[in-house]
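# Generate a structure from the sequence data that follows.
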Amino acid sequence: MFAQNLGTIASPFTSKPTTPRADCLSKDVTSIPQEILSSIFEHAYHRDGSCMHSAGRVSKLWREVALGTPTLWSDIHVSSPSDPERTRMQLARAGATPLHIDFSDDSLTRGACMEFLSLLSTKSERWTSFRIMRFDAKALLASPLFPSVLPRLRHLDIRGANSSLPAGHLQFPKSLPALESLYVSGVSVEWEGVRLPSLEKLELKEASLGPPDLPQFLDMLDASQDLVHLVLVKIWDEDAGLMDRFKAPRQITLPRLEHLEVHEPPSSHVFAWVLTPNLVTLVAKKSYWLRYWALVDIHFPSLDKLVLLDFSNSTSAIRNFLRASPNISTLDIRHTNIMEPFGLVPDLVLQELDLLRLRNLTIHGVFSLGQVKKVALKYMETLERVRVHCLDLGLAFGSMREEYVEHDDALAWLESVPSFYFGVDHTSKCYGTRYRSLDDCRRGYRIACSSACLEPSTGC
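Have a look, this model is predicted:
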């Protein structure tokens, strides 16, 4: 980075013969006021810090301005080879500007990390963001050297491994009054007493939340009334036992929450933890061990976009979500385990319900284009886009002629409707063969679904 390397650049400026045009350009550059030049450096550095390494080589003036611009020195990346003296110099040049600390080098020894932590903690009142990506993140954060009070910290990013020492949950700093964004992955957190009143974005991944921790976790959420974005990915304790143990002792309300993601919960009761009167987007992914869906009392009156992953063979779950979300305009149902295509039901459930604002529909994993046609007919007045991904179109070996004709007719109709866009993709992983139309069976030259396998991660 420019801020770390600029101090070591030599500055031999020698006069060279120049042309009149070069003299003119040189005068134009050197005549730029230092305040404007400093502002230009700041904008360039935030766009691409590496490009600023050469700025100090342009002229003596540019070098002096760069060295005297504190914000160019405020990003501190602790990496190998370690050089505490350079970090001290960087802290001095940063002046009173907010500091952005990054511990993301696993090659640095823990002892060296502790040395840097001791040095940086002397300026902890200026920390604005802190990021750590190390296998021993929990151990470093549990160190007495880590500040217990961070009054200006706005962004905290912790990525580690739950197996790292010390055992047990991570104790959060006592005071984080300004924290707006928190990301925790691979580290269990002790939520008792944690209050984050300014929190707007929270993402937790693989954080081992068990039923005993639930009341404290909900208390933390309840104290974060400004929360807008919440993501929970596989944070559940795998030894938690029965689903009923994840029933919340009380229900809390997050009035500003707009985006909610819940991946692989152990129980349907998780979706009833929080009332979300202004939720816009909900993403839910079913866990493989959640075989039975217990109906829960959920309501998402303001929901606009619903994404359901791996729920395609759970009729009760799909009904539960859709009845709770009557005003959605975008519905995306994806089935990622294509080795288990049997029992896919979203196209059937959609025919039972009334979604009066449905405009965009994506179904990843369908058996029958005939059923998709029925769905399209039901929502013809509002649909603008329909995209399906067929699992061999449900035609097992030896299917009857009538089945082929039905699928061909439905495909032709869906492609001909002018009021909405229709797209179809196909995977051959289920039975090892592509679906072919009736004409294909006769002459073997036209493939109805000819595009490559569409995985959920690439979008539909």
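# Now the one helix or strand residue 116 maps to - C-alpha only, CSV.
Using DSSP states H and E, residue 116 sits in helix 110-120. Extracted in CSV, the C-alpha atoms of helix 110-120 (Å, rounded to 0.1, in the frame of the first residue of the first chain):
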residue,chain,number,x,y,z
ARG,A,110,0.9,-14.8,17.3
GLY,A,111,3.7,-13.1,19.2
ALA,A,112,4.2,-10.5,16.4
CYS,A,113,0.4,-10.0,16.3
MET,A,114,0.4,-9.3,20.1
GLU,A,115,3.2,-6.8,19.6
PHE,A,116,1.3,-4.9,17.0
LEU,A,117,-1.9,-5.1,19.1
SER,A,118,-0.1,-3.6,22.0
LEU,A,119,1.1,-0.7,19.8
LEU,A,120,-2.2,-0.1,18.1
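# Would you mind giving the orientation angle of the very next helix or strand once past it with respect to helix 110-120?
Next in sequence after helix 110-120, counting helices and strands by DSSP H and E, comes strand 127-133. Between the axis of strand 127-133 and that of helix 110-120 there is an angle of 170 degrees, by axes from the mean of the first three to the mean of the last three C-alpha atoms, to 10 degrees.
# Could you list the paired strands of strand 127-133 along with their orientation?
strand 99-103 (parallel), strand 155-159 (parallel) (DSSP bridges).
# Using a markdown table, lay out the ones you listed together with distance to residue 246, mean neighbour count and mean pLDDT.
(Each C-beta comes from the backbone N, C-alpha and C, glycine too.) Conversion of the strands paired with strand 127-133 to a markdown table gives the following (distance: least, C-beta to C-beta, whole Å; neighbours: other C-beta atoms under 10 Å; pLDDT from 0 to 100):
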| stretch | distance to residue 246 | mean neighbour count | mean pLDDT |
| --- | --- | --- | --- |
| strand 99-103 | 34 | 21 | 94 |
| strand 155-159 | 24 | 20 | 94 |
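# Those strands into JSON lines, with extra columns for distance to residue 317?
Output for the strands paired with strand 127-133, formatted as JSON lines (distance: least, C-beta to C-beta, whole Å):
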{"stretch": "strand 99-103", "distance to residue 317": "41"}
{"stretch": "strand 155-159", "distance to residue 317": "31"}
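# quick one: low-confidence parts of the stretch 251-400 of the chain?
336-344, 367, 391-400 (pLDDT under 70).
# ranges for the strands of it?
252-253, 259-263, 274-275, 281-285, 305-309, 330-334, 360-366, 385-391 (DSSP state E, counting those that start in this stretch).
# Contacts for the fourth one, please.
Yep, that's strand 281-285 we're talking about. The contact list for strand 281-285, computed with C-beta atoms under 8 Å, 6 or more residues apart in numbering, reads 258-264, 271, 300, 303-311, 321, 325.
# at 7 Å instead, please
Contacts to strand 281-285, defined as C-beta atoms under 7 Å, 6 or more residues apart in numbering, come from residues 258-264, 300, 303-310, 321.
# Quick one: work out the angle between that strand and strand 259-263.
0 degrees.
# Strand 281-285 versus strand 305-309: what angle between them?
Using the same axes, to 10 degrees: strand 281-285 against strand 305-309 is 10 degrees.
# before we move on, back to that, for the helix holding residue 116, packing partners?
strand 75-78, helix 84-94 (3 or more C-beta pairs under 7 Å, 6 or more residues apart in numbering; DSSP states H and E).
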